[in-house]
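Visitor: no sequence on this one, just coordinates:
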């Protein structure tokens, strides 16, 4: 038998949720920069919530990116704040995906699926697990 102390591991689903949040944050930052630059690669959003005002969509993407970064960093440190922010982030992403469902259905479905996986990952792992 080994005499070493048992070191806890971060649950795999929480790690997955953290990685997804970081990836989405960086993608949303790039997307926001594209919106601010005029958005030549952006679909026609004239019939969407904010209309053709792409700078508002850019701000929206920056808010989502900030939530994802804050939640991801906090999840890495095993703080409850990260869980709360991750749940709020998932709700915001799902809400935006429902708004853009008619404009970009594959993107919207993919975003809803990723947000749902983050919620699943956090909901199935215990808050009281010792990670370190």
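Guide: Yep, it's here. Quantities reported herein were computed from a predicted structural model and do not represent experimental measurements.
Visitor: how much space separates the residue most central in space within the chain from residue 60?
Guide: Nearest to the mean C-alpha position of the chain, by Cα atoms, centre = their mean, lies residue 21 at 4.0 Å. According to Cβ to Cβ, to the nearest Å, residue 21 stands 17 Å off from residue 60. (C-beta placed from N, C-alpha, C; glycine too.)
Visitor: same deal with residue 108?
Guide: From residue 108 to residue 60 the distance is 14 Å (Cβ to Cβ).
Visitor: and what of residue 109?
Guide: For residue 109, the distance to residue 60 - Cβ to Cβ - is 19 Å.
Visitor: which of these two has more neighbours?
Guide: Taking neighbours as other Cβ atoms under 10 Å, residue 109 and residue 60 compare with residue 60 leading, 19 against 12.
Visitor: list the helices and strands the lengthiest helix in the chain packs on?
Guide: Longest among the helix segments of the chain by residue count, using DSSP state H, is helix 12-36. For helix 12-36, the helices and strands in contact under the criterion 3 or more Cβ pairs under 8 Å, 6 or more residues apart in numbering; DSSP states H and E are helix 54-76, helix 80-99, helix 105-124.
Visitor: buried deepest among those, which one?
Guide: Comparing the helices and strands packed on helix 12-36 by mean neighbour count (mean count of other Cβ atoms under 10 Å), helix 54-76 ranks first with a mean of 20.
Visitor: skipping its backbone neighbours, what lies nearest residue 64 in space?
Guide: residue 28 (5.0 Å; Cβ to Cβ, 6 or more residues apart in numbering).
Visitor: report pLDDT for residue 9.
Guide: pLDDT recorded at residue 9 is 65.
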